[in-house]
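*Asks:* pasting the sequence and the predicted coordinates here, then a few questions.
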Number of protein chains: 2
Amino acid sequence: MNIRISNARILTMADGMKLTEGEIWIRGKRIAYIGDGTNADLACRGKERNRIVWDREIDAKRNLIMPGFKNAHTHSAMTFLRSYADDLPLQAWLNDRVFPMEAKLTGDDIRLLTKLAVLEYLTSGVTAFFDMYLTPETIAQAAEETGMRCVQTGAVNNFSQSTELVEEMYRKLNQEDSLNSYRIGFHAEYTCDKSLLERVSDLSHKYKAPVYTHNSETKREVEDCIERSGMTPTQYLDSLGLFDYGGGGYHCVWLNDTDIEIFKRRGMHVITNPASNLKLASGIAPIQRYVNAGLNVAVGTDGPASNNCLDMFREMFLVAGLSKYLEQDAAAMDADKVLYMATAGGAAAMGLHDCDMLAEGKYADLIMIDLAQPNMQPIHHITKNLVYSGSKQNVKMTMVNGEILYEDGSFHIGESPEVLYREAAKIVEGIKKAI
Amino acid sequence: MNIRISNARILTMADGMKLTEGEIWIRGKRIAYIGDGTNADLACRGKERNRIVWDREIDAKRNLIMPGFKNAHTHSAMTFLRSYADDLPLQAWLNDRVFPMEAKLTGDDIRLLTKLAVLEYLTSGVTAFFDMYLTPETIAQAAEETGMRCVQTGAVNNFSQSTELVEEMYRKLNQEDSLNSYRIGFHAEYTCDKSLLERVSDLSHKYKAPVYTHNSETKREVEDCIERSGMTPTQYLDSLGLFDYGGGGYHCVWLNDTDIEIFKRRGMHVITNPASNLKLASGIAPIQRYVNAGLNVAVGTDGPASNNCLDMFREMFLVAGLSKYLEQDAAAMDADKVLYMATAGGAAAMGLHDCDMLAEGKYADLIMIDLAQPNMQPIHHITKNLVYSGSKQNVKMTMVNGEILYEDGSFHIGESPEVLYREAAKIVEGIKKAI
């Protein structure tokens, strides 16, 4: 598809938070041109502008075009548990509700339930998600079939998956120019014995690849690890060589100064999930401290069973608001920094170096923000207001890999939402009967 | 207008969080019937069902009809400062940005800027707002002209308004069957000297009327009051007789046990503003403690200069999530309680006893929630999911006083949003030039 978007405010992220006005051209999967239109012919390799056949010409009506959000931590298929078990203590939630239901899921179920999450990502302007769940192959199918970009990470632990599967997926899902990619990872320190962690470390060294895992989500997790190993999770895992090639930690609510130092030295990414951390009473991650230490921070929703929604606007407000609260300083955590985390910061954490900003040659993973909504008016500072006032309601269009997957409330992912809702309801009913 | 809504899931709030399915009939401003349709003739005072001339018949397609949200604390016209001054320390924000701009506003400006807020309330399913700002008469006009329900409270302090104005507005704006009403109130303890507070107290006694004010928003406000008077703001104000007829406090972040006891004894309402309290680093209100003490809690957005949006979904998530964090208990603050606060709890605090729930004879202040959005699927617990996953995107229709003011993204308030946006931008430009 060749798509020309004109009359747009454009936030490329290539130049801080500077906005320009003009056009953006998409040819196939990639951005071919960004500018005011005058030097467009040159940019398009000598072809004359009026000889390009446009499949769509879109008047943005001075709405904002910006890079899509990167949901940097989620368990998408857990849509099936959304609002099934709220307001329970953590252990009762996991043992009585989540685990028995999860044990009944098939790979096909997970494909469908992941697509349900994709619908919601699109409404929130998410153009890529960093997923950790049970059946990587059917999750990759869901991404491929809907046209969504998906980075997965291994979920191996003592009870499910294996390092063999992680290696197989690492080799299979990291093809050039694909919507899917895969990072080495494991579930968490507290669900993996030492020999398993050592095998993951071997894999990381074999491929010189970074490693991702849940890290220091709860205070108890950290205390238990110290009791077992004499070290925090970060220190213990690092001592096994797991972060020799970098990687990242999901949650990172309870990192201490030594942990932060390790993250810094290893070039590791913090992936924060503030809504989930509140809802499960895990705590507030000290994001301002991480930023001060020079760490890259990304933002994720966590899975819909613990959140319950997949809404990057809510997460952005929380990163800013909770940091101000924690630092007792209304000037802490500038909103522009948070917007960067939710887009370019996430892309860096996920290894999506061709989707991080808008520039010629980058993949066309972008969104249109409706500024003609009351929550954006009057227009003073668009970028800050996105963080403090933005909502799904402002997402007018979501484009992944050059394809418009969501526009004006309608989905273009090859299946109707109603069919997906019906199928998801069937899966849930079936599981409820079976347990 | 006579409007018949059929095929609906209905949450009346008259029977806890129990959902029914059926029809709801609106005749003029009020609800005439709720039920499955079989006993409708009787309910409509003997008139035969097929003889009612319906102006609209709406198939709800099994979406949810519920009472509208009550935004129980706001300064609507501060829309003009939205995202004008974020990420600043509190005093710099107030003194360098808010006050100089505010001083230039005219009553007409405030009418228009209030309408801009009304647009946003409607997108968030808000059917009534509890406003405190500079020119009560033009705010009342904004409500009247848009068809919105507005309760105002006095903002009198040492620098603006007077007890005479408060009394005049109290008499003028409390007419039977009007969209407008008015409660006695003052800005805050720290902006009013003792003689002014005594005059407000006299007014409360004259009309046997409750009194509302900002109360214990910041720790410093409480400490300063103790230094001046030897008492907390609640104790000091109560000692002047201000709460002899009840009333309420906006924010209530820092109430101590004695304060809570006064609130309880006086039947006073806590009105919490969690997003604003985070963004301005004021703190987290201990709402679970207030609930345990048996206080009625309502929820407000505060003004758009400090929030920056007017989004009751975000506020609801925050009340639940922050309470779980504060209590270190994922089971704290059940979502159903929060949904009650944001609707019926708000109505109680605002004195809107005819708009609190859906029942025959009550005003038709109601909303339709789109359940056919991915963030609501699959459907397990609708009420809890509204709090944890709901968003403005789910508000399909907002009805106030029997009139549909917002439906499927379009506004029906007598003026186009574009004109209001343009006028608001003009006001802002004018003020910027003048300061």
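*Replies:* Nice, I can see it.

*Asks:* and the one helix or strand A:His187 maps to, C-alpha only, in PDB?
*Replies:* Assigned by DSSP states H and E, A:His187 falls within strand A:180-188. Presented in PDB, the C-alpha positions along strand A:180-188 are these (Å, rounded to 0.1, in the frame of the first residue of the first chain):
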ATOM      1  CA  ASN A 180       7.500 -11.600  14.900                       C
ATOM      2  CA  SER A 181      10.700 -11.600  16.900                       C
ATOM      3  CA  TYR A 182      11.800 -13.400  20.100                       C
ATOM      4  CA  ARG A 183      14.100 -12.700  23.000                       C
ATOM      5  CA  ILE A 184      15.600 -15.200  25.400                       C
ATOM      6  CA  GLY A 185      13.800 -15.100  28.700                       C
ATOM      7  CA  PHE A 186      12.500 -17.100  31.700                       C
ATOM      8  CA  HIS A 187       9.600 -16.600  34.000                       C
ATOM      9  CA  ALA A 188      11.300 -15.400  37.300                       C
END
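
*Asks:* helices or strands up against that strand?
*Replies:* Strand A:180-188 sits against helix A:136-146, strand A:149-153, helix A:163-172, helix A:194-207, strand A:211-215, strand A:247-251, with contacts defined as 3 or more CB pairs under 8 Å, 6 or more residues apart in numbering or on different chains; DSSP states H and E. In short, each C-beta sits where N, CA and C put it, glycine included.

*Asks:* distance check, A:Phe186 against A:Asn215.
*Replies:* Separation of A:Phe186 from A:Asn215 (CB to CB, to the nearest Å): 11 Å.

*Asks:* picking up where we left off before, closest to chain B out of the helices and strands packed on strand A:180-188?
*Replies:* helix A:136-146 (12.0 Å; CB to the nearest CB).

*Asks:* so which bits of the closest one are buried?
*Replies:* Going by neighbour count (16 or more other CB atoms under 10 Å in any protein chain shown), the buried part of helix A:136-146 is A:Pro136, A:Glu137, A:Thr138, A:Ile139, A:Ala140, A:Gln141, A:Ala142, A:Ala143, A:Glu145, A:Thr146.

*Asks:* ditto for stretch A:403-423
*Replies:* For stretch A:403-423, burial by neighbour count (16+ other CB under 10 Å) applies to A:Glu403, A:Ile404, A:Leu405, A:Tyr406, A:Glu407, A:Phe411, A:Ile413, A:Glu415, A:Pro417, A:Leu420, A:Tyr421, A:Glu423.

*Asks:* got the residues of the stretch 101-250 of chain A near chain B?
*Replies:* Residues of the stretch 101-250 of chain A lying near chain B by CB under 8 Å from any CB of the partner chain: A:Leu116, A:Ala117, A:Leu119, A:Glu120, A:Thr123.

*Asks:* go again with 7 Å.
*Replies:* A:Leu116, A:Leu119, A:Glu120, A:Thr123 (CB under 7 Å from any CB of the partner chain).

*Asks:* most neighbours among these, please name it.
*Replies:* Highest neighbour count within those: A:Glu120, with 28 neighbours (other CB atoms under 10 Å in any protein chain shown).

*Asks:* enumerate every residue touching A:Asp55.
*Replies:* A:Met1, A:Asn2, A:Ile3 (CB atoms under 7 Å, 6 or more residues apart in numbering or on different chains).

*Asks:* want to throw the helices and strands packed on strand A:180-188 into TSV with mean pLDDT?
*Replies:* What follows is these, written out as TSV (pLDDT from 0 to 100):
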stretch	mean pLDDT
helix A:136-146	98
strand A:149-153	98
helix A:163-172	98
helix A:194-207	98
strand A:211-215	98
strand A:247-251	98
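
*Asks:* out of those, flag the one nearest A:Ser181.
*Replies:* Of all those, strand A:149-153 sits nearest to A:Ser181, with 4.9 Å by CB to CB.

*Asks:* paired strands for that closest one, with orientation please.
*Replies:* strand A:126-131 (parallel), strand A:180-188 (parallel) (DSSP bridges).

*Asks:* how about those in CSV, adding mean neighbour count and mean pLDDT?
*Replies:* Below are the strands paired with strand A:149-153 laid out as CSV (neighbours: other CB atoms under 10 Å in any protein chain shown; pLDDT from 0 to 100):
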stretch, mean neighbour count, mean pLDDT
strand A:126-131, 28, 98
strand A:180-188, 24, 98
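
*Asks:* could you measure from the residue nearest to A:Glu217 when sequence neighbours are not counted over to A:Thr343?
*Replies:* The shortest distance from A:Glu217 to any non-neighbouring residue, by CB to CB, 6 or more residues apart in numbering or on different chains, is to A:His251 (3.8 Å). A:His251 sits 20 Å away from A:Thr343 when distances are taken as CB to CB.

*Asks:* now the helices and strands packed on strand A:180-188 as a markdown table including distance to A:Asp329?
*Replies:* Listed next are the helices and strands packed on strand A:180-188 as a markdown table, based on distance: least, CB to CB, whole Å:
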| stretch | distance to A:Asp329 |
| --- | --- |
| helix A:136-146 | 40 |
| strand A:149-153 | 34 |
| helix A:163-172 | 42 |
| helix A:194-207 | 38 |
| strand A:211-215 | 26 |
| strand A:247-251 | 23 |
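
*Asks:* residues contacting A:Asp238?
*Replies:* A:Ile262.

*Asks:* how about the helix or strand containing it: buried residues?
*Replies:* Using DSSP H and E, the element containing A:Asp238 is helix A:233-239. Residues of helix A:233-239 classed as buried under the neighbour-count rule (16+ other CB under 10 Å) are A:Pro233, A:Thr234, A:Gln235, A:Tyr236, A:Leu237, A:Asp238.

*Asks:* show me the contacts for the first one.
*Replies:* Okay, so that is A:Pro233. Neighbouring residues of A:Pro233 by CB under 7 Å, 6+ apart: A:Glu189, A:Asn215, A:Ser216, A:Glu221, A:Val222, A:Cys225.

*Asks:* returning to that earlier point: what is the neighbour count of the residue nearest to A:Glu217?
*Replies:* 28.

*Asks:* hmm, it is touching A:Asn273, no?
*Replies:* Yes - using CB atoms under 7 Å, A:His251 is in contact with A:Asn273, at 5.6 Å.

*Asks:* quick one: pLDDT of the residue in the stretch 151-300 of chain A positioned nearest to chain B?
*Replies:* Per CB to the nearest CB, A:Leu278 is where the stretch 151-300 of chain A lies closest to chain B, at 3.4 Å. If you check A:Leu278, the pLDDT there is 97.

*Asks:* close enough to count as contact, it and B:Ser323?
*Replies:* No - applying CB under 7 Å as the test, A:Leu278 and B:Ser323 come out as separate, 9.0 Å apart.
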